[in-house]
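Visitor: Here is a sequence together with a model predicted from it:
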2 protein chains.
Amino acid sequence: MANIQQIAKRAGVSIATVSRVLNNATSVSPKTRSKVEDAIKELNYEPSMLGRNLRNSESRLLLVLLPNISNPFYTEIINGIQDTAIASGYHILLCETDSKPERENIYFNMVKNKLADGVISMDPTVNMQKLNELAEHYPVILCSEYEENGEIPYITVDSELAAYQAVKHLIKLGNEKVALITSDEKFLYARLRRTGYERALKEYNLPIREEWIYHTKGLDFHYGVHAMRMLLQNEDRPTAVFAISDTLAIGALKTINMELKDSEPIAVVGFDNISFSSMTNPTLTTISQPMYMMGCQATEMLLSRIKGENVENIVLEHELIIRESTME
Amino acid sequence: MANIQQIAKRAGVSIATVSRVLNNATSVSPKTRSKVEDAIKELNYEPSMLGRNLRNSESRLLLVLLPNISNPFYTEIINGIQDTAIASGYHILLCETDSKPERENIYFNMVKNKLADGVISMDPTVNMQKLNELAEHYPVILCSEYEENGEIPYITVDSELAAYQAVKHLIKLGNEKVALITSDEKFLYARLRRTGYERALKEYNLPIREEWIYHTKGLDFHYGVHAMRMLLQNEDRPTAVFAISDTLAIGALKTINMELKDSEPIAVVGFDNISFSSMTNPTLTTISQPMYMMGCQATEMLLSRIKGENVENIVLEHELIIRESTME
DNA sequence: AATCAAATTGTAATCGATTACATATTTGAA
DNA sequence: TTCAAATATGTAATCGATTACAATTTGATT
């Protein structure tokens, strides 16, 4: 791989002139310009990002932190992030932490070292203390999961309200025994969705029964399968379930299909409107978040921060999508 | 962010000594070492990857190219890649090309510019010509999709054989009318799976009927839904379907569920064994690829290439997983 | 032809690290 | 005490770009 020196020599000019052609900045005579351009083509030259970034302290690369890519929830958000980034001349790198905080370090260092210009974190398992430290000096945005009263700008939806509406929908269908499948309450979204669940129950004077609330250890399908099995072991079985994630809801649906073949079905509502949710049988009623939009706006926020501007937190509108799982 | 100069000044030593402490290489007296370590802690210093990479021509970062992360097929492979990379002191960056070749350029440049040490491409839509050029000078491995008789080392499964076995399974169940849902045949895996499909039909003296072969424009569920609708419009309907991807198979299953409520079901076999395939109703018979293993070995191949070693192509074993979709 | 401003090009410092080589210091055997 | 060997540290070049400033060329004007 040729470097700027070799181009300069080949074109018979100084490296400064080559650099000028590269950045088509100040005046370069047409003759020299074309000599340099020829040399660049002949040697198949690409400027080194390393040299350039070192000098400019800018990489035009954005990091996107996510726990793992197996949850389809992230897919559409990432599309939004990517499209917006590219439209502004940036590129993104997806960083999967696998919920292992030690893996975050390398990515945080990339930002500190100007290998990346900023971070969008969608990782609920992120080490918030470290992220806060990073955010003191570098551009960081939280997307979806956030910190209440924290310093880092965020974009999200109103999880409490959405959960409230989901459960209210179940109650209005005549369900007085609504179970909750949720994850670890160290995550804000889990706490908020539980609060919404409880608010709906209270509003209709229904009891909150701990045995109808199941906490999973993760969001993969099989946790939902298992959660529903446990819930069905109650003597007094729930007639409906609200799951804080579509993946869990789909697992629950699977258990219901398997264990309750011909009996009265149990109504299910999920959260996220992942693409699978319209492929299940029955199709899944769920809360739809504007995921693409969320990705776009998160990126705009980050780009603003990179420019040094301040940004406001954003709470986007959600929508209850009613499908077969609450219709039979 | 402090730099090495400031550490040197603070510790009252030269930058060379600081660098020595950092790389705990040649001799540094215990006294100086601890002075430097103190300074590093006090100033919260992290060495710049930019400076270091520029000097060392090494980043210990690997790029993973994929068309998009929405196909869960990639998830497990990436886990394998990531675990193996980390075990060897490397980190990975996921690069989603969205099947837009212009997006590849930035990633290829990262390699040329030593911002990354190598590439694992899982992108069937990649510009092979450019990738071949890159591979002439930099470490590149193909994973899953590959080029027959190409120069780039690859790891994959025997798609032709797997498809043959899948279709044979359907035929043995008594299906004489087996349809194929496949994608664009510009992809090698699509061509190979079609060949396997045809081999099985021929072996049982069944006709290959073009109207039972549907080409989709992508792999998302809805393409499968649509493909199955089209296939059902045949006067002479197929009694079984082999889809070259689980996502397509699941879409097909959806259409079958919707349109053929009570009539004789159509048997379906997919390909990939994505986690959702055991959540559908009926659960999906499919070909399982050793995805985690594939990721691990792809990474080992790449690390060997980075060390300058030669590697052999690898064809891993697959397995037919029989589930409900071929049992009723 | 002489003059001078504008346009073009070159020189050299800089970004933050690593490392060959040079120099200084310590150690220990004679 | 002396001096060579071993150990410790510093100096300066280097990686590949950008850019302030200096130097040169151009060409219009008198």
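Guide: Alright, I've got the coordinates.
Visitor: CA only for contacts and neighbour counts going forward, please
Guide: Fine.
Visitor: Of all the residues in stretch A:73-92, which ones are buried?
Guide: By 16 or more other Cα atoms under 10 Å in any protein chain shown, the buried positions in stretch A:73-92 come out as A:73-85, A:90-92.
Visitor: do stretch A:296-314 as well
Guide: If you call a residue buried by 16+ other Cα under 10 Å, then stretch A:296-314 has these buried ones: A:296-303, A:305, A:311, A:314.
Visitor: just stretch A:98-109 next, same as before
Guide: Neighbour-count burial for stretch A:98-109, counted by 16+ other Cα under 10 Å, picks out A:98-99, A:103-104, A:107-109.
Visitor: about what we covered before: just the buried residues of stretch A:296-314 that are near DNA strand C?
Guide: Applying Cα under 7 Å from any atom of the strand to the buried residues of stretch A:296-314, one finds that nothing falls near DNA strand C.
Visitor: Among these, pick out the one closest to B:L231, please.
Guide: A:C296 (37.8 Å; Cα to Cα).
Visitor: Give me the pLDDT value at the closest one.
Guide: A:C296 carries a pLDDT value of 98.
Visitor: And it, how far from A:I141?
Guide: Relative to A:I141, A:C296 is positioned 12 Å away (Cα to Cα, to the nearest Å).
Visitor: between the buried residues of stretch A:98-109, which is closest to DNA strand D?
Guide: Nearest to DNA strand D among the buried residues of stretch A:98-109 is A:N109, at 19.1 Å by Cα to the nearest atom of the strand.
Visitor: which outside residues touch the helix or strand that the closest one is a member of?
Guide: Using DSSP states H and E, A:N109 falls within helix A:102-112. Outside helix A:102-112, the residues within contact range by Cα atoms under 8 Å, 6 or more residues apart in numbering or on different chains are A:63, A:95, A:97, A:116-119, A:126, A:134, A:138, B:1, B:46, B:48-49, B:91.
Visitor: and what of stretch A:282-297?
Guide: Counting by Cα under 8 Å, 6+ apart, residues outside stretch A:282-297 touching it are A:73-74, A:76-84, A:143, A:155-157, A:162, A:166, A:246, A:249-250, A:268-273, A:277-278, A:316-326.
Visitor: Restricted to helices, list those residues.
Guide: A:73-74, A:76-84, A:162, A:166, A:246, A:249-250 (DSSP state H).
Visitor: Just the pLDDT for the residue positioned nearest the centre of chain A.
Guide: Residue closest to the average C-alpha location in chain A (Cα atoms, centre = their mean): A:M122, at 4.0 Å. You'll see A:M122 listed with a pLDDT of 96.
Visitor: Contact partners for it?
Guide: With Cα under 8 Å, 6+ apart, A:M122 has these contacts: A:64-67, A:142-145.
Visitor: of all those residues, which comes closest to B:T32?
Guide: The closest of those to B:T32 turns out to be A:L65 (Cα to Cα; 38.0 Å).
Visitor: right, and the closest one touches A:D98 too?
Guide: No. In this structure, A:L65 is not within contact of A:D98 by Cα atoms under 8 Å, at 9.9 Å.
Visitor: Near A:I181, how many other residues are there?
Guide: Neighbourhood size, A:I181 [other Cα atoms under 10 Å in any protein chain shown]: 25.
Visitor: helix, strand or coil for it?
Guide: Following DSSP: H, G, I helix; E, B strand; the rest coil, A:I181 is assigned to strand.
Visitor: separation between it and A:D246?
Guide: As judged by Cα to Cα, A:I181 and A:D246 stand 11 Å apart.
Visitor: Which members of the buried residues of stretch A:296-314 occur in helices, if any?
Guide: A:296-303, A:305.
Visitor: Can you convert those residues into CSV and add a column each for distance to DNA strand D?
Guide: Formatted as CSV, these follow (distance: Cα to the nearest atom of the strand, whole Å):
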residue, distance to DNA strand D
A:C296, 28
A:Q297, 29
A:A298, 28
A:T299, 25
A:E300, 24
A:M301, 25
A:L302, 22
A:L303, 19
A:R305, 20
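Visitor: on that earlier part again, of the contacts of helix A:102-112, which belong to helices?
Guide: Residues of these located in helices (DSSP H): A:134, B:49.
Visitor: For DNA strand C, tell me which of the contacts of helix A:102-112 show up nearby.
Guide: Applying Cα under 7 Å from any atom of the strand to those, those adjacent to DNA strand C are B:46, B:48-49.
Visitor: In chain A, what residue spans correspond to strands?
Guide: All strands of chain A, identified by DSSP state E, fall at A:61-66, A:91-96, A:118-121, A:140-143, A:154-157, A:178-182, A:213-215, A:240-243, A:267-272, A:285-288, A:314-316, A:319-321.
Visitor: what lines up beside the third one in the sheet?
Guide: When pairs are called by DSSP bridges, strand A:118-121 turns out to pair with strand A:61-66 (parallel), strand A:140-143 (parallel).
Visitor: closest to B:E198 among the ones in helices among the buried residues of stretch A:296-314?
Guide: Comparing these against B:E198 with Cα to Cα places A:C296 closest, at 45.0 Å.
Visitor: can you pull the contacts of the residue lying closest to A:M1 once chain neighbours are set aside?
Guide: Among residues not flanking A:M1 along the chain, A:Y45 sits closest, at 6.7 Å (Cα to Cα, 6 or more residues apart in numbering or on different chains). Counting by Cα under 8 Å, 6+ apart, A:Y45 makes contact with A:1-3, A:7.
Visitor: Out of these, which comes closest to chain B?
Guide: A:M1 (7.2 Å; Cα to the nearest Cα).
Visitor: contacting residues for the closest one?
Guide: Neighbours of A:M1 in contact, by Cα under 8 Å, 6+ apart: A:44-46, B:112.
Visitor: So A:S144 sits against A:Y154, correct?
Guide: Yes. The criterion here is Cα under 8 Å, and A:S144 meets it with A:Y154 at 7.5 Å.
Visitor: what about the helix or strand of chain A with the lowest mean pLDDT and DNA strand C, touching?
Guide: Lowest on mean pLDDT, DSSP states H and E among the helices and strands of chain A sits helix A:102-112, with a mean of 85. No. Under the criterion of Cα under 7 Å from any atom of the strand, helix A:102-112 makes no contact with DNA strand C; the nearest approach is 9.9 Å.
Visitor: got the end-to-end distance for stretch A:90-103?
Guide: Terminal-residue distance, stretch A:90-103 (Cα to Cα): 24 Å.
Visitor: Nearest residue to A:A2 in space, please, no chain neighbours.
Guide: Nearest to A:A2 is A:Y45, by Cα to Cα, 6+ apart, at 5.5 Å.
Visitor: Quick check: the one you found vs B:M327, distance?
Guide: Between A:Y45 and B:M327 the distance is 59 Å, computed by Cα to Cα.
Visitor: Show me which residues of chain A sit near chain B.
Guide: Neighbours of chain B within chain A, by Cα under 8 Å from any Cα of the partner chain: A:1, A:46-51, A:53-54, A:69-70, A:72, A:75, A:91-95, A:106, A:109-110, A:112-115, A:221, A:250-251, A:254, A:257, A:275-276, A:279-281.
Visitor: For chain A, which residues are neighbours of DNA strand C?
Guide: Residues of chain A lying near DNA strand C (Cα under 7 Å from any atom of the strand): A:12-17, A:26-33, A:51, A:54-55.
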